[in-house]
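# Compute the structure for the input listed below.
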Amino acid sequence: MFEYHRNIMHTGLRHDEPKNSIHRLSKILYDFLEEGVKKRDMKNHINVKKAAENLTAIYFHSLIVWLKSESDYSFSSDISEKINMLFEGIGG
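This next block holds a predicted model:
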């Protein structure tokens, strides 16, 4: 954990920014998913908080892989495939 925190500090980010950014993104996704449940576009029994956390994790994982990639890695293709897979499980 300390190594991760130290690496974030060396990127030039304040130590509270990543956490706040993650929470903001999760909140946006939570609201989006909650609206989908209300409109019956998604299953009503899903745990919206966990689904938002999974989407957030997918985003940041894909971003990290893209940033470290030395090949023709397509961020948009990768994240689209992962999100489509997730929505197949929670879609209505």
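# contacts and neighbour counts: CA atoms only from here.
Will do.
# So which residue is dead centre in the protein?
Of all residues in the chain, the one closest to the mean position by C-alpha atoms, centre = their mean is T56, 1.6 Å from it.
# so what's that one closest to, chain neighbours aside?
Taking C-alpha to C-alpha, 6 or more residues apart in numbering, and ignoring the residues beside it in sequence, T56 has S26 as its nearest neighbour in space, at 5.9 Å.
# What's the mean pLDDT across the helix or strand where the one you found lies?
Counting by DSSP states H and E, the secondary-structure element that holds S26 is helix 17-38. For helix 17-38, mean pLDDT is 81.
# Repeat that for stretch 63-79.
On average, the pLDDT along stretch 63-79 is 89.
# Quickly note the distance from I64 to Y73.
11 Å (C-alpha to C-alpha, to the nearest Å).
# Quick check, the residue nearest to T56 in contact with E53.
Yes: judged on C-alpha atoms under 8 Å, S26 makes contact with E53 at a distance of 6.0 Å.
# what about those two, which has more around it?
Taking other C-alpha atoms under 10 Å, S26 and E53 do not tie; S26 has more neighbours (21 against 18).
# per-residue pLDDT, T56?
Looking at T56 specifically, the model assigns a pLDDT of 92.
# Quick check: what element follows the host helix or strand of it along the chain?
Assigning secondary structure by DSSP H and E places T56 in helix 48-68. The first helix or strand that comes after helix 48-68 along the chain, using DSSP H and E, is helix 75-90.
# Would you mind getting the angle between that next one and helix 48-68?
Using axes from the mean of the first three to the mean of the last three C-alpha atoms, to 10 degrees, the direction of helix 75-90 lies 160 degrees away from that of helix 48-68.
# what number of residues lie near D31?
Neighbour count of D31, defined by other C-alpha under 10 Å: 14.
# Distance check, it against I46.
Note on D31: its distance to I46, by C-alpha to C-alpha, is 14 Å.
# go on, I79?
Going from I79 to I46 by C-alpha to C-alpha gives 21 Å.
# Could you check which of those two has the larger neighbour count?
Just comparing I79 and I46: by other C-alpha under 10 Å the higher neighbour count belongs to I79, 18 against 15.
# Pull the contacting residues for the residue lying closest to the more buried one once chain neighbours are set aside.
In this structure, I79 finds its nearest non-sequential neighbour in S62, 6.1 Å apart by C-alpha to C-alpha, 6+ apart. The contact partners of S62, taken as C-alpha atoms under 8 Å, 6 or more residues apart in numbering, are 75, 78-79.
# Fine by me, thanks again.
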